[in-house]
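Student: I would like to see how this sequence folds:
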Amino acid sequence: MRTWAAIAAMVLGVGAGWGATGRGVSAARKKAEPKKPAIVAVSPDNPLLPPQVAADALMPELSVLQKMPMVAPAGFEPIYRGDDWAAYREQFGDEADNIGRKKSSGIAEFATRLIAAADAEAAKGKDGRLGLARLLYLRAVGLTYRNRDGFPVANKAVEGYQRVMDVKDPLQVAGLWTMTNQMSKMAVTPKPERIAYSGIAARANMQLALLLLDRDQIDAAEGMMRQIGYHEGWLKGDTKTRRQIAAVRAQVKQTAGLLADLGQKYEPAVRGDDAALMEIYLYGRYVKCKPELVADLPGRKPASAMAQLAGAIASAEKHVDAAFTAAEMLKNVGENMPDGVLKRRTLWAALGYYRTYIKDPSTERERIKRTLSRMAIEAVIGDGAQGPHAIDPMAVTAPATQPATRPAEPETPIAADAH
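Tutor: The predicted structure is shown next:
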């Protein structure tokens, strides 16, 4: 019983504790810890979910005067590290602390120097301190985005940040979203750029939601999707992004429902319920994409349908002639599932085995099975087979002022006094 609980926890990503980033601040500049932690760990009712992270805890600070480095959840790679913060404070700390004494032109000049220092680090590539570069770009935006004269500087900082960010890193994507979300709502941002920034913010929002789903951070993913409506409303002519928003919204909703359902089936699975074991096995293998974490489950109930499916999959990975059998079993299981993420991923796995079977020259004489495979491919695609990377919101990440990011003309006029 305890072994199964441990395996289930590993499969479904139960998280560890929390920790603060930003270590390494020099003793001379070390500040007192804030009274309220930036991270809020929520104890979920669902035993299969890790502690949930508040979406706000993922966002960097854009205040004019930032006194503390960013705090991030354990297990998340920070936007910048403690030594990056220390380097920033060492070079620019005194001037940053007295920024309130400067006029807007002086602030813009200071932010320009921050960008120049960030560009210098970015130019070094992997040999540079990219975390420091991201921090400097963030600070430049935080200082200038509220002022009309500062917009060109803030825009340049966003361009630089996009060049050094990793679109697969949740906190770095959260940084892009924070900047573009704020700038898209500011009257000081020229209107065409406001709409373009809404497009970038929407894509960053979607990307972050998908990355959070990968970590079973359902609350934060749902929180991000609640904020995307503002940008969706200003992208009436950008049909591609609007379709992606609808797809990501559906995936977040369906994944939340799937995890809630699996949470209800946790105890039945512990007791050996066949249907519950099958769903958890498929979730671990094709949604979490970590088959090694469910490798021990078939042995717990060797006569179950789940164990038989696992055996067919294991044979298909060794012998191509067994791929057809594995595909048929996955297809049958997937077709009987309610529409949702688990069904689409199961059918996607079946699709892969059918294609493997057809492409292998050794099956050319198996004309009946090859014909059935071709028919099955059409069927599983029609039933919604979808892989884990079907949605790619960040395919376009050009700077807001470049035409590549601007949506098409709106289908209906946009009010002149809005956005």
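Student: any idea which element the residue most central in space within the chain lies in?
Tutor: The chain has L211 as the residue nearest its centroid, 1.8 Å off, counting by C-alpha atoms, centre = their mean. Counting by DSSP states H and E, the element that carries L211 is helix 191-214.
Student: which parts of that helix are buried?
Tutor: Across helix 191-214, burial judged by 16 or more other C-beta atoms under 10 Å covers 193-214. Any C-beta I mention is one placed from the backbone N, CA and C, and that applies to glycine too.
Student: again, but for stretch 353-370
Tutor: For stretch 353-370, the buried set under the neighbour-count rule, 16+ other C-beta under 10 Å, comprises Y353, Y354, T356, Y357, I358, T363, E366, K369, R370.
Student: where does pLDDT dip in the stretch 1-150 of the chain?
Tutor: 1-44 (pLDDT under 70).
Student: and the strands in it, which stretches?
Tutor: 41-42, 52-53 (DSSP state E, counting those that start in this stretch).
Student: chain center to the last one: distance?
Tutor: Right, the one you point to is strand 52-53. Centroid separation for strand 52-53 versus its chain: 14 Å, with C-alpha atoms, centre = their mean, to the nearest Å.
Student: elements contacting it?
Tutor: strand 41-42, helix 218-227 (3 or more C-beta pairs under 8 Å, 6 or more residues apart in numbering; DSSP states H and E).
Student: name the nearest residue to the residue nearest to the centre of the chain, sequence neighbours excluded.
Tutor: Once flanking residues are discounted, L211 sits nearest to P170: 4.4 Å by C-beta to C-beta, 6 or more residues apart in numbering.
Student: with R163 instead?
Tutor: Closest to R163 by C-beta to C-beta, 6+ apart is A122, at 6.1 Å.
Student: what is the burial count for that neighbour?
Tutor: Using other C-beta atoms under 10 Å, A122 has 21 neighbouring residues.
Student: cool, and T180?
Tutor: Count around T180 with other C-beta under 10 Å applied: 27.
Student: could you check how far it is from L262?
Tutor: T180 sits at a distance of 34 Å from L262 (criterion: C-beta to C-beta, to the nearest Å).
Student: buried residues of the lengthiest helix in the chain, list them for me.
Tutor: Identified as the longest helix of the chain according to DSSP state H is helix 239-264. For helix 239-264, a neighbour-count test (16+ other C-beta under 10 Å) marks 241-242, 244-245, 248-249, 251-252, 254-256, 258-259, 261-263 as buried.
Student: quick one: residues contacting the nearest residue to M165 once chain neighbours are set aside.
Tutor: Closest residue to M165 in three dimensions, ignoring its sequence neighbours and counting by C-beta to C-beta, 6+ apart: Q172, at 4.5 Å. By C-beta atoms under 8 Å, 6 or more residues apart in numbering, the contact set of Q172 is E77, I79, R134, M165, D166.
Student: buried subset of those residues, written for PyMOL?
Tutor: Restricted to buried positions by 16+ other C-beta under 10 Å, the PyMOL selection for the contacts of Q172 reads:
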select buried, resi 79+134+165
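Student: so R370 makes contact with K359?
Tutor: No: R370 is beyond contact range of K359, at 10.1 Å (criterion: C-beta atoms under 8 Å).
Student: any idea which helix or strand carries L171?
Tutor: Short version, using DSSP H and E: L171 is in helix 170-184.
Student: relative to helix 218-227, how tilted is that helix?
Tutor: When axes from the mean of the first three to the mean of the last three C-alpha atoms, to 10 degrees is applied, the directions of helix 170-184 and helix 218-227 differ by 20 degrees.
Student: for helix 170-184, what is the average pLDDT?
Tutor: The pLDDT scores in helix 170-184 average 97.
Student: dump the residue contacts of the residue nearest to L211.
Tutor: L58, F76, L208, L211, L212, R215.
Student: related to what we said a few turns ago, got the contacts of Q172 as CSV, with distance to G311 columns?
Tutor: Shown next, in CSV, are the contacts of Q172 (distance: C-beta to C-beta, whole Å):
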residue, distance to G311
E77, 38
I79, 45
R134, 48
M165, 44
D166, 39
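Student: from the contacts of Q172, which is closest to D273?
Tutor: E77 (37.6 Å; C-beta to C-beta).
Student: next, count neighbours for the closest residue to the closest one other than its chain neighbours.
Tutor: Leaving aside its sequence neighbours, E77 sits nearest to D169 (C-beta to C-beta, 6+ apart; 5.6 Å). Counted with other C-beta under 10 Å, the neighbours of D169 add up to 16.
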